[in-house]
Structures are given as C-alpha cells and as structure tokens.
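> Just to be clear, the model below is a prediction. Sequence and coordinates:
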Amino acid sequence: MKALIAFASMSGNTEDMAAILKQTLEGKGIETEMMEFDDTSAEDLSSYDYVMIGSYTWGDGDLPYEAEDFYEEVSALELSHIKSGCIWIRRLQLSEVFARLFHTLFENYL
C-alpha cells in the first residue's frame, strides 16, 4: 500500500501534523510520501492507494494559492479508486470553511 500526503502550510503547523501522520502510516507498514502542493502533480495521484490533503484555512473557504494548480489538475482526472482524507489546523470558527475547501478539492470523488 502506498499513501501521499499533499499539503500547504503557512506557519509550519500543518506540515508538523503531516509528518506525524506520515510516521503513523509508516508504522502500519504503508509506504508514505509527503509533498507540498507546489511539488505535487495530480497526474501522479493514480499511483497511490490513499491521498490525504492538509491545508491551513484561508478567507471564506478559498483555496490557498499553493493549492490552486493542484485543484485544477485534480478536477480533470478520474480518481474515484483512491481513498482520500484530510488534515488541517484550524480555528474552531472556521471548521465549516475547511469543510468547503475539502469538498471543493474532492467534489467529484466524494
């Protein structure tokens, strides 16, 4: 099994959480790669069994600029066979904002 954790981190908190998730998955025997959105090609996602995204919250649910190209690429692909999840560091009052962000990224695959 192979997993990818794609993330954007402004303060380093999301990256720290991604590293903890990576360590946990590897402890379960799952080969795991961790990449920032800028270094991630959506076309490569089909080679993973699991894809987790992580991001900070931004504005009223807008994509962080680091995720914009990734979103455009993901929207054009058939990825329904991939299990997906999300991680984020957020302020409590923005939980609905991040839920909208996650839905925007994976609306075709939920």
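Ah, there it is. Residues are numbered from 1 along each chain as shown.

> got a list of what residue 69 touches?
Counting by CB atoms under 8 Å, 6 or more residues apart in numbering, residue 69 touches 37, 38. (Each C-beta comes from the backbone N, C-alpha and C, glycine too.)

> Pull the distance from the helix or strand harbouring it to the chain's centre.
Secondary-structure assignment from DSSP states H and E places residue 69 in helix 68-75. Offset of helix 68-75 from its chain centre (CA atoms, centre = their mean, to the nearest Å): 12 Å.

> Now that helix: buried residues?
With burial defined by 16 or more other CB atoms under 10 Å, the residues of helix 68-75 counted as buried are 70, 71, 74.

> Show me what stretch 35-49 is in contact with.
Counting by CB under 8 Å, 6+ apart, 1-9, 51, 64, 66-67, 69-70, 73-74, 76-77, 79, 81-83 sit against stretch 35-49.

> Cross these against strands and list the overlap.
Among those, the members found in strands (DSSP state E) are 2, 3, 4, 5, 6, 7, 51, 83.

> Sort out which one of those residues lies nearest residue 30 for me.
Checking those against residue 30 with CB to CB, the nearest one is residue 3 at 5.2 Å.

> and the closest one, what are its bridge partners?
Residues in a beta bridge with residue 3, per DSSP bridges, are residue 32, residue 50.

> And it, how far from residue 82?
Residue 3 sits 10 Å away from residue 82, taking CB to CB, to the nearest Å as the criterion.

> Please apply the same query to residue 23.
Distance check for residue 23 against residue 82: by CB to CB, it reads 21 Å.

> Tell me which of these two has more neighbours.
With other CB atoms under 10 Å as the criterion, residue 23 and residue 82 differ in neighbour count, and residue 82 comes out ahead with 18 against 11.

> I'd guessed that one sits against residue 52; true?
No - the pair formed by residue 82 and residue 52 falls short of the contact definition of CB atoms under 8 Å, at 10.4 Å.

> so where's this structure uncertain?
Within the chain, the stretches with pLDDT under 70 are 57-58, 60-62, 88-110.

> And the helices in it?
If DSSP state H is used as the criterion, the helices of the chain fall at 13-27, 68-75, 95-106.
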